[in-house]
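Chemist: Okay, here's the prediction I keep looking at, along with the sequence it came from:
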Amino acid sequence: MSLSTLKNRRQRGFLDGQFLIAMPGMSDTTFSRAVIYVCAHSDAGAMGFIINRPQNLTFTDVLMHLEMIKDEEAILLPDNARDFPIQTGGPVENGRGFVLHSDDYLTESSIPVSDEICMTATLDIVRAISKGSGPKRATMLLGYAGWAAGQLEQEVANNGWLNCAAIDDLIFDPHLDDKYERALASIGVNAAMLSTEAGHA
């Protein structure tokens with residue numbers, strides 16, 4: 001599913017707004033131990049963001065790359081902007097930034113992905129964050145994960161993913177090292193308990 005499909009979606013699939021947690025047998029190393037927040041799922045495919053992959057870039061790096069600040073201006077950024085989390089969202093369009101955020105910040109380009117979470121992929125939100133006036137909760141992700149029609153359903157049926165209801169606090173939690181275990185623990189599962197028999201919780 002592409003970003004344009006997300007904007008124009010007419011229906012929701014059963015994985016919409018869910019977490020996907022990679023099963024131990026996941027063969028694609030890109031998604032090994034991944035926790036993915038599914039933003040859109042329909043007959044046309046699916047789109048989501050890995051929420052537990054670090055990114056070597058800082059928000060300051062992003063602002064400088066976009067030529068929004070110069071070297072000497074970095075020190076003037078608000079603390080919450082300098083510390084703003086950047087993650088690797090997935091292998092598709094991985095040079096493009098997407099901001100998942102709480103719905104207290106909205107523009108015409110913001111796309112609701114749940115009752116309380118939106119996604120904005122335009123520079124206005126980057127400027128707002130750099131000035132300390134962005135959303136209360138947010139994270140930037142470079143790239144996204146996308147599936148063609150029927151592909152994700154097949155992967156779940158083949159026991160590639162465990163799916164469960166998403167938890168907003170985990171989406172925005174900056175501590176990534178143990179997010180996989182905590183996502184599993186939220187549904188009473190630990191890695192040793194995972195088998196090849198179940199694809200959902």
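Modeler: Good, I have the coordinates.
Chemist: and after the helix or strand of the chain with the lowest mean pLDDT, which helix or strand comes next?
Modeler: Ranking every helix and strand in the chain by mean pLDDT, DSSP states H and E puts helix 3-7 at the bottom, with a mean of 53. Downstream of helix 3-7, the next assigned helix or strand under DSSP states H and E is strand 18-22.
Chemist: Give me the secondary structure label for the residue nearest the centre of the chain.
Modeler: Closest residue to the average C-alpha location of the chain: residue 49 at 3.0 Å, with CA atoms, centre = their mean. Here residue 49 takes the strand state, with states given by DSSP: H, G, I helix; E, B strand; the rest coil.
Chemist: quick one, phi/psi of residue 129?
Modeler: phi -60, psi -40 (degrees, to the nearest 10).
Chemist: Where does pLDDT dip in this structure?
Modeler: Low-confidence segments of the chain (pLDDT under 70): 1-12, 71-78, 80, 194-201.
Chemist: could you show me where the strands are in it, in order?
Modeler: With DSSP state E applied, the chain shows strands at 18-22, 35-42, 45-50, 86-88, 92-102, 111-112, 117-120, 138-147, 161-165, listed in chain order.
Chemist: Please name the strands paired to the shortest one in the sheet, noting orientation.
Modeler: With DSSP bridges as the criterion, the sheet partners recorded for strand 111-112 are strand 117-120 (antiparallel).
Chemist: In CSV, list the C-alpha atoms belonging to the strand it pairs with.
Modeler: Extracted C-alpha coordinates of strand 117-120, given in CSV (Å, rounded to 0.1, in the frame of the first residue of the first chain):
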residue,chain,number,x,y,z
ILE,A,117,-3.1,9.4,16.5
CYS,A,118,-2.3,11.2,13.3
MET,A,119,0.4,11.1,10.7
THR,A,120,1.9,14.1,9.1
